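In: The sequence and its predicted three-dimensional model are supplied below.
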Amino acid sequence: STPALHTTTQRKTPTTTHIPPWQTNSGSRIRRSLLDSDQGVCQLCQLDAHALYQRVRALQEKEDRMAALMATAFAKLGHKRLDKIVAGPKEGMFWQGDHITPVSRGGGESGMDNLRTLCTPCHEKETARLSADRTARLLEKSSKGSKDIREFFTKRKKS
């Protein structure tokens, strides 16, 4: 029987609460620890991305692989991306480790307690949201002290 792709499994407490800076270069070690704590389940949509990876990898026909992906949130990914996943599924194509407090806001030096598993579609949405927020913050910062350009185009009353 195939495992359910959505789960309500609770996240395990990470065994390592802090990764010393000199050990952060081992992405595979961090991914293994994250897989141990979250079991490959997206912390936003609860998709079991690890089970989906195993299911897709086990399918031999490309059409079957595509059908399995299209029945999930992966259907929202672009065709080029889906074709690449179908042609050669690798676990890193199905889920990513995501910083809860973004690196751009100081989360880069945190430990495992600042990481969560996100399926690829949720990770793309979060990345786009973060990028938009960062752009808005930069625009706001760069416009501080500037006047509203609309004032330039409105007629001024003569006193």
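Out: Structure's in. What do you need?

In: Could you verify that Gly97 is part of a strand?
Out: Yes: counting by DSSP: H, G, I helix; E, B strand; the rest coil, one finds Gly97 located in a strand.

In: Give the next helix or strand downstream of whichever strand or helix holds Ala136.
Out: Assigning secondary structure by DSSP states H and E places Ala136 in helix 120-143. Tracing the chain past helix 120-143, the next element assigned as helix or strand by DSSP H and E is helix 150-153.

In: And the residue found closest to Thr101 once you drop the neighbours it is linked to in the chain, how far from Gly92?
Out: Once flanking residues are discounted, Thr101 sits nearest to Gly107: 3.3 Å by CB to CB, 6 or more residues apart in numbering. To be clear about C-beta, it is placed using only N, CA and C from the backbone, and glycine gets the same treatment. With the distance defined as CB to CB, to the nearest Å, Gly107 ends up 21 Å from Gly92.

In: Kindly report the same for Ala49.
Out: Spatial separation of Ala49 from Gly92 under the definition CB to CB is 10 Å.

In: And those two? Which one has more around it.
Out: Between Ala49 and Gly92, Ala49 has the larger neighbour count (other CB atoms under 10 Å), namely 30 against 13.

In: got a list of what the closest residue to His99 other than its chain neighbours touches?
Out: Here the nearest residue to His99 in space, its sequence neighbours aside, is Gly107; by CB to CB, 6+ apart that works out to 4.3 Å. With contacts taken as CB atoms under 8 Å, 6 or more residues apart in numbering, Gly107 has the following neighbours: 99-101, 114.

In: Show only the entries of those found in strands.
Out: Secondary structure of those is defined by DSSP state E; positions in strands are His99.
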